[in-house]
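S.K.: Structure, please.
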Amino acid sequence: MSDEEVESLSEMRKYKDRKSLLDNYRNIVYKMLIDNIPQEYILAYVLKEGYKGSISNLSSYIIMVAKNNNISYKSKFPLQDIKMEYPDDITIITRQELLKNLLTIDEKKKNNEIGKYLPIIEDKYPIIKTIKTIFTDFHDIIFGNDIELLDIFIELYKDDIPSFCNGLKKILPPLETQYLLK
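M.R.: Numbering: from 1, shown residues only. Okay, here's the model as predicted:
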C-alpha cells in the first residue's frame with residue numbers, strides 16, 4: 001500500500017445509519033432511562049406503543065441506549081422471566097383459525113368459539129363475509145350437478161377474484177367436454 005492509502009485508512013468514514021424497528025422509540029427509551037424507570041416498565045410501554053419486534057432486541061436496545069448515553073443502568077431482572085400473555089378476558093382468533101372456520105362446510109368441525117364472534121368480525125371486516133359467500137357458492141357448484149353454474153360464478157365474481165376466475169375460464173372448456181362425456 002502506498003503512504004496515501006495507509007493515511008486514508010485513519011480517516012473516519014460516515015456510514016448511513018441502519019434503520020431499525022426501534023428508531024421510533026429511541027426518545028421514549030432515553031427519557032424513561034433518565035427518569036430511572038425499571039426495564040420491565042420500559043418494555044411494557046414500548047410494546048403498548050406498538051413495537052412488533054422481539055423482546056430480546058428491545059431489551060438489548062434499552063441497555064445500548066443507556067450505555068451510549070452514559071446512563072448508569074443495570075437490568076434488574078432476568079429477561080427469560082418475561083411472559084407475553086393476554087388477559088383472560090381477551091379472546092385471540094388467529095388468521096389461520098378464522099380461515100379454517102370460514103372454509104369448513106361441516107358445522108360439526110367448526111370452532112364454535114370463533115362462530116360466536118363471526119358477526120362482529122364480519123361487521124368490522126366486510127371482506128370476511130365476501131370470502132365466506134364466494135367459498136360457499138364455489139363449493140355448491142363443484143359438488144353440485146350443474147356445470148353451467150360455473151359460468152355464472154365466473155361472471156358474478158370476476159371483479160372480486162379475477163385471477164381465480166381467469167384460471168377457471170382456461171380450464172372450463174376441457175371440464176365441460178369431460179362432463180359431457182360422462
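
S.K.: Can you tell me how far the spatially most central residue of the chain is from residue 86?
M.R.: With distances taken as C-alpha atoms, centre = their mean, residue 95 lies nearest the centre of the chain, 8.6 Å away. Distance of residue 95 to residue 86, given as C-beta to C-beta, to the nearest Å: 16 Å. No exception for glycine: its C-beta is placed from N, CA and C like everyone else's.

S.K.: ok, now residue 112?
M.R.: Here the distance between residue 112 and residue 86 works out to 20 Å (C-beta to C-beta).

S.K.: Buried ones in the host helix or strand of residue 67, by neighbour count?
M.R.: For residue 67, the host element (DSSP states H and E) is helix 55-68. Residues 55, 58, 59, 61, 62, 63, 65, 66 are the ones in helix 55-68 that count as buried (16 or more other C-beta atoms under 10 Å).

S.K.: now swap in stretch 149-166 and tell me
M.R.: Those would be 149, 150, 153, 154, 157, 161, 165, for stretch 149-166 by 16+ other C-beta under 10 Å.

S.K.: Helices - which of those land there?
M.R.: Among these, DSSP state H puts 149, 150, 153, 154, 157, 165 in helices.

S.K.: Where does pLDDT dip in this structure?
M.R.: 74-84, 174-182 (pLDDT under 70).

S.K.: where along it do the helices fall?
M.R.: Using DSSP H, helices in the chain cover 3-9, 26-34, 39-48, 55-68, 95-102, 112-124, 126-142, 149-157, 162-181.

S.K.: What angle do helix 39-48 and the second one make with each other?
M.R.: This points to helix 26-34. Going by axes from the mean of the first three to the mean of the last three C-alpha atoms, to 10 degrees, helix 26-34 is angled at 160 degrees with respect to helix 39-48.

S.K.: what domains does the record give for the protein?
M.R.: 16-81, 95-181 (automatic domain parsing).

S.K.: do you know which of those lies nearest residue 10?
M.R.: Among the domains of the chain, the nearest to residue 10 by C-beta to C-beta is domain 16-81 (21.2 Å).

S.K.: How far off centre is the closest one?
M.R.: Its chain's C-alpha centre and that of domain 16-81 lie 23 Å apart, by C-alpha atoms, centre = their mean, to the nearest Å.

S.K.: same deal with stretch 143-162?
M.R.: On C-alpha atoms, centre = their mean, the centre of stretch 143-162 falls 31 Å from that of its chain.

S.K.: Any idea how far apart the tips of it sit?
M.R.: In terms of C-alpha to C-alpha, to the nearest Å, the two terminal residues of stretch 143-162 are separated by 22 Å.
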